[in-house]
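[1] Have a look; sequence and predicted model below, questions after that.
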Amino acid sequence: MEALYAIAFGTMLAAALYLLMSRHLLRMVLGLLLLGNSVNLAIFISGRLTSPVPPLVPDGELVLAAGANPLPQALILTAIVISFSLVAFTVVLFERAGAALGTADPDAMREAEPRTPAQADAPPDSGAPE
Amino acid sequence: MTQAWILALPVCIPLATMALCAMLQRRPGAQRLLSVAGSVALLGSSLLLLAEVHGGKVLATQFGDWRAPFGISFVADLLAAAMVVITGLMAVAVAIYALVDGAREREHAWFHPLYHGLLLGVTGAFLTGDIFNLYVWFEIMLISSFGLLIQGGTREQLDAGVKYVILNLLVTTLFLLGVGFLYGLTGTLNMADLADTIPGVENRGLVKTLAVLFLLCFGAKAAVFPLFFWLPAAYHTASAPIVAIFAALLTKVGVYAILRVFTLPFGGVLDYIGPLIGWIAGLTMITGVLGAAAQFDMRRILSFHIVSQIGYMLVGLAVATPLALAGSVLYVLHHIIVKANLFLIAGAARRAGGSYHLGSIGGLHRSAPLLALMFVIPALSLAGLPPLSGFWAKFIVVRSSLEAGHVVLAAVALGVGLLTLYSMLKIWNEAFWKPAGPRSEEAARQWRANPRMRLAMLAPIMALAALTLSIGLYAEPFVDFSLRAAEQLLGGEAYARAVLGDRPVASAGDLP
């Protein structure tokens, strides 16, 4: 069972990296989402797939005898919240960048790159953008 | 005051300031006052922390009273406390500078809450003793820096933002992956406990792989050789105070994480990873300084110099003697002050000369003589000339590498110092010495007509320059402090004892 989960994680990670290497902002966002989820799955497997019982301490007892490992679940919960907010930000940023720069190909965005000597000779910087 | 409060205050103060600034969103005047007050309070609380650990004691506390390997620990040794103090110093300097330049027009875009959010993430990362918690602080720091970077909303900033966001999110997520694997391997996330557990792990191959994964993630944060591309693509688009605080703190959090992780949890694989770090350090120094030599925008030159200087900080781990690590510690502390100051000076030079571009600026030695004098101190310190702070930092780095037989690293460090001097001379010749063009003259007139702006810009610049000068002239206590911090880093027992106490230590066998 763990092997199956591990293969699923590897496939997701590979797909995420493939999407991240594409030259389109939308695919890159999907890659980031998939990357976050594959990492969450990795944390889940790291906690070992032991028991399907929820990790609740039974009434009247002090220790958790049988139950799934609760720590990876807590870690994943934190990671999901963080990656959700970051991806939400990223989507808005990419939307604005795509609209302002007129392209969704990050390689074609050269606005912040040094100008070529020919361009640099014509107008030095305008001084305005800051 | 109890230990727990002394440790928690440097995190609580930026958190409270951030929340209050956000609530006062519609009242910029109150926000400005609060921002400076919060920064001063942060500096005060960090000094309190330094006073407490200065004798060599390691402070530790567990949140919620959960026993050490299970709860989240906050720990301060000499290095962490010094980093928090320097964060406080930078917070005050940049908050004062931001009163007049680069922040006013961004107050409606939440400048002050984001600024304190950034400080919150940085101090948290310095103080935490838990590696998953470190990831959380990284993310807090990251989301604040995203917001600050693209605040102006210009085309240039959106382009820079796309690249900065993608690369930083990718490496931070890989860091989380490393944390997950580390937990699967050892069953613990507490750094002191990890230092106990990792040497007993049988699967050495996986330990080495994880060490390299962490080096990749923190190295990308610190902008080392093959992973630095996000930095020069983004930093030069932000406004002066924002880029100054980025340059001071963000990459240094990566360096701090490398220093911490490869002395404490992964201390055992340092002999394997040390030569790798040596190569990275040398190539980082060279590529950074060559990149800077090709640039003609002051902020771009300075951005590439951040990359080059990170190389010096990593030499300490490659050499891995106490003296070499002391060199790294002193280098980080000196570099934060000098680099932030140079970016503030570049911002002031733009006000006084009308541009960041070396081609269109000039005559500043006449129109802003005090600024010219103030430029000389951090610029020569960055290049490592005596009697400034950079000289001592570089001297220790070079001497320790020579003593340990790393002649090539020492030679690279010296050669890169010369090229740094070349870049600084270029800025001096073009911006300060060259006669002023019409645009610079017009800007200089406005600069002279506005004494309040001059004061708020020059006061932090002069304070930081004075600090650089005093580290240079009165180096002994600083060198001594770095040596003690390095010994504590390499020792590790004091740290582990402070965190774990006499309690039994969880081991890999206790895995569920």
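    Perfect, thanks for sending it.

[2] Next secondary structure after the helix or strand that contains B:Leu270?
    Using DSSP states H and E, the element containing B:Leu270 is helix B:270-293. Sequence-wise, the next helix or strand downstream of helix B:270-293 (DSSP H and E) is helix B:298-319.

[3] Report all helices and strands that that next one contacts.
    helix B:204-222, helix B:230-234, helix B:240-261, helix B:270-293, helix B:322-353, helix B:389-403, helix B:407-427 (3 or more CB pairs under 8 Å, 6 or more residues apart in numbering or on different chains; DSSP states H and E). C-beta coordinates here come from the backbone N, C-alpha and C atoms, glycine included.

[4] quick one: which of the ones you listed is nearest A:Glu113?
    Evaluated with CB to CB, the helices and strands packed on helix B:298-319 place helix B:230-234 nearest to A:Glu113, the distance being 7.4 Å.

[5] Remind me what that closest one packs against, helices and strands.
    Other elements packing on helix B:230-234 under the criterion 3+ CB pairs under 8 Å, 6+ apart are helix B:155-186, helix B:298-319.

[6] tell me the angle of the last one relative to helix B:322-353?
    Pointing back at helix B:298-319 there. Inter-element angle recorded for helix B:298-319 and helix B:322-353: 180 degrees (by axes from the mean of the first three to the mean of the last three CA atoms, to 10 degrees).

[7] Compute the inter-axis angle for helix B:298-319 and helix B:270-293.
    Computed by the same axes, to 10 degrees, the angle separating helix B:298-319 from helix B:270-293 equals 160 degrees.

[8] which residues does the residue nearest to B:Leu500 when sequence neighbours are not counted contact?
    Of all residues not flanking B:Leu500 in the chain, B:Ala68 sits nearest, at 4.8 Å (CB to CB, 6 or more residues apart in numbering or on different chains). For B:Ala68, the contacting residues are B:60, B:62, B:190, B:192-193, B:499-501, B:503, by CB atoms under 8 Å, 6 or more residues apart in numbering or on different chains.

[9] did I read that right, B:Ala68 in a helix?
    No. Under the criterion used here (DSSP: H, G, I helix; E, B strand; the rest coil), B:Ala68 is coil, not part of a helix.

[10] okay, B:Ala346: pLDDT?
    The model reports B:Ala346 with a pLDDT of 93.

[11] Surely it and B:His357 touch.
    No. The criterion here is CB atoms under 8 Å, and B:Ala346 misses it with B:His357 at 11.1 Å.

[12] Residues that sit against both of the two, list them.
    Common contacts of B:Ala346 and B:His357, defined by CB under 8 Å, 6+ apart, comprise B:Met298.

[13] where does the chain have low pLDDT?
    Picked chain A for this. Residues of chain A meeting the criterion pLDDT under 70: A:115-130.

[14] right idea, wrong chain: chain B
    The model of chain B has pLDDT under 70 over residues B:1, B:502-512.

[15] Kindly recompute the last result at 80.
    For chain B, the stretches flagged by pLDDT under 80 are B:1, B:65, B:67-69, B:102-104, B:492, B:501-512.

[16] For chain A, give me its nearest residue in it.
    Relative to chain A, the nearest point of chain B is B:Gly184 (2.9 Å; CB to the nearest CB).
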